[in-house]
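Undergrad: got a predicted model here, sequence first, then my questions.
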Amino acid sequence: NAGVMQNPRHLVRRRGQEARLRCSPMKGHSHVYWYRQLPEEGLKFMVYLQKENIIDESGMPKERFSAEFPKEGPSILRIQQVVRGDSAAYFCASSPGTPNQPQHFGDGTRLSIL
Amino acid sequence: SQQGEEDPQALSIQEGENATMNCSYKTSINNLQWYRQNSGRGLVHLILIRSNEREKHSGRLRVTLDTSKKSSSLLITASRAADTASYFCATDARGNNRLAFGKGNQVVVIP
């Protein structure tokens, strides 16, 4: 399967724990995007990364959230000290990075905070 | 920040009928894209239309863009039960690949 792969599909954490969400982009894509979707709402942009570089993190909360896309391995979205309000579906997308290209999405990670 | 707004929010139609959804946005854009999301899944790209284009077709889908009115429409012709999904428009304001999504249209096609 050469599509965008996200894992885990479902993640349950207790308040105060850390959540790590992983995303492997589509083959040949070097740009990764993370979005958050609350129930009954559209996706909200969080962060845009290239290998070893954060291009745009203007949608990321200032505290507790971080993202990386290392030279080797998947992109990671990390949420520290999770709170109930972090419960959402987190989607990763990838693209070649050139303008006017569609983004290809994974099936998301559904994060539930107890 | 830029955000698409779809209208109507929910649509229920009989199989074989056409479904039309509209999307409006607030600032100038580089391109506008439509995506489909089935329940519990990720988004699937349908059509990208650039700011200098007015209409685009893909199979049973037709998208129009009116930059003077800052609006777009998605038409699904001869709908099928498999078209049941949520449909989102998303705008790329500066060609920087940062997409701003609307809240989505839920479409139910009754067999």
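TA: Here it is on my side, so go on.
Undergrad: report the separation between B:Thr27 and B:Ala90.
TA: 14 Å (C-beta to C-beta, to the nearest Å). Every residue, glycine included, has its C-beta placed from N, CA and C.
Undergrad: which of the two has more neighbours?
TA: A direct count of neighbours by other C-beta atoms under 10 Å in any protein chain shown for B:Thr27 and B:Ala90 places B:Ala90 higher, at 29 against 12.
Undergrad: for the more buried one, phi and psi?
TA: With angles defined as degrees, to the nearest 10, B:Ala90 sits at phi -140, psi 140.
Undergrad: in space, what's closest to the residue nearest the centre of chain A - neighbours in sequence excluded?
TA: Most central in chain A under C-alpha atoms, centre = their mean is A:Trp34, positioned 3.6 Å from the mean C-alpha point. In space, and not counting its chain neighbours, A:Trp34 is closest to A:Met46: 4.4 Å by C-beta to C-beta, 6 or more residues apart in numbering or on different chains.
Undergrad: pull the contacting residues for the residue nearest to the centre of chain A.
TA: A:Cys23, A:Met46, A:Val47, A:Leu49, A:Ala67, A:Ser75, A:Leu77, A:Tyr90, A:Phe91, A:Cys92 (C-beta atoms under 8 Å, 6 or more residues apart in numbering or on different chains).
Undergrad: and the fourth one, what helix or strand is that in?
TA: Just to be clear, that refers to A:Leu49. strand A:43-50 (DSSP states H and E).
Undergrad: separation between the residue nearest to the centre of chain A and chain B?
TA: For A:Trp34, the distance to chain B equals 11 Å [C-beta to the nearest C-beta, to the nearest Å].
Undergrad: helices or strands up against the helix or strand hosting B:Asn22?
TA: Element membership for B:Asn22, per DSSP H and E: strand B:19-24. Counting contacts by 3 or more C-beta pairs under 8 Å, 6 or more residues apart in numbering or on different chains; DSSP states H and E, strand B:19-24 is packed against strand B:5-7, strand B:10-14, strand B:71-76, strand B:85-92, strand B:105-110.
Undergrad: the following helix or strand past it vs strand B:105-110, what angle?
TA: Downstream of strand B:19-24, the next assigned helix or strand under DSSP H and E is strand B:31-37. Here the directions of strand B:31-37 and strand B:105-110 differ by 50 degrees (axes from the mean of the first three to the mean of the last three C-alpha atoms, to 10 degrees).
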